[in-house]
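Undergrad: fold the following and give me the result.
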Amino acid sequence: MASRVGPRSAGPNGSVKHRERAAPNYQMRQIHFISSLKSEVRKLNLVHLLIWLLVAAQVTVSHLHLVSHDTVSMPYQWEYPYLLSIIPLLCSSLSLPKNNISYLVLSMISGGLFSVAPLIYGGMEMFPVAHRLYRHGKAYRFIFGFSAVTVMYIIMVIAVQVHAWQLYYMKKLLDSVVQHNSRKKRR
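TA: Coordinates of the predicted model:
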């Protein structure tokens, strides 16, 4: 039991070197924590890529007239800027292998600009259509027989959660990498 007053415990040879053994253990926990955060970001990047591919497929199919507009409707205006959300995805993927802080920061900033902002705008853009569908039961756009506004709201809800978790885990990863790098520089 340690006391506040009195002699400090010494190691077998009279030194306090034995107390410094905790540092390598802490470093291993820090490295494990960083690798687990990277794993989570990679999983979220994969889901983000799937959502992006869905939106890109709808935009491509409707503009190239591959199917009739009764099957796949014209995209909403928010879907075009959302296609730029591939930029934060690429920056995030480039930052992970070597803990590149600048790509990680760029990914977080562009994620807010190209991923979250179009989703907020899309929620406002589609609200009157969703309200009309709820009040009167009339849908004017369809995706494979389902109301386009319903399908797109489901995609938006999933996308908002994915992007929020991406930003959260990237912020934690950024803090951990900066802390780990500062500890390495102190030695």
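Undergrad: helix or strand with the lowest mean pLDDT in the chain?
TA: In the chain, the helix or strand scored least confidently by mean pLDDT, DSSP states H and E is strand 142-143, which has a mean of 83.
Undergrad: which strands and helices sit next to that strand?
TA: helix 148-186 (3 or more CB pairs under 8 Å, 6 or more residues apart in numbering; DSSP states H and E). All C-beta atoms are positioned from the backbone trio N, CA, C, and that covers glycine.
Undergrad: repeat that for 10 Å
TA: helix 22-63, helix 148-186 (3 or more CB pairs under 10 Å, 6 or more residues apart in numbering; DSSP states H and E).
Undergrad: just those: most buried one?
TA: helix 148-186 (a mean of 17; mean count of other CB atoms under 10 Å).
Undergrad: just how off-centre is that one within its chain?
TA: Relative to the centre of its chain, helix 148-186 is centred 3 Å away, using CA atoms, centre = their mean, to the nearest Å.
Undergrad: so where's the protein shaky on pLDDT?
TA: Counting by pLDDT under 70, the chain has low-confidence residues at 1-27, 187.
Undergrad: apply 80 and report the result again.
TA: For the chain, the stretches flagged by pLDDT under 80 are 1-30, 69-70, 183-187.
Undergrad: need the contact list for the residue nearest in space to the middle of it.
TA: What sits nearest the mean C-alpha location of the chain, by CA atoms, centre = their mean, is Q166, with 1.8 Å. Under the criterion of CB atoms under 10 Å, 6 or more residues apart in numbering, the contact list for Q166 reads 40-41, 43-45, 47-48, 88-89, 92, 107-108, 111, 115-116.
Undergrad: how close does it get to A130?
TA: 26 Å (CB to CB, to the nearest Å).
Undergrad: got it, and H32?
TA: 44 Å.
Undergrad: hang on, isn't F33 packed against H180?
TA: Yes: using CB atoms under 10 Å, F33 is in contact with H180, at 9.1 Å.
Undergrad: list the contacts of the residue lying closest to R42 once chain neighbours are set aside.
TA: Closest residue to R42 apart from its sequence neighbours, by CB to CB, 6 or more residues apart in numbering: L96 at 6.7 Å. Residues near L96 by CB under 10 Å, 6+ apart: L37, K38, S39, V41, R42, N45, Y103, L104, S107, M170, L173.
Undergrad: quick check, the last one in contact with E40.
TA: When you say that, I think you mean L173. Yes: between L173 and E40 there is a contact under CB under 10 Å: 8.6 Å.
Undergrad: give me the common contacts of these two.
TA: Counting by CB under 10 Å, 6+ apart, L173 and E40 have no contacts in common.
Undergrad: nearest to T71, out of the helices and strands packed on strand 142-143?
TA: Closest approach to T71 among the helices and strands packed on strand 142-143 (CB to CB): helix 22-63, 8.7 Å.
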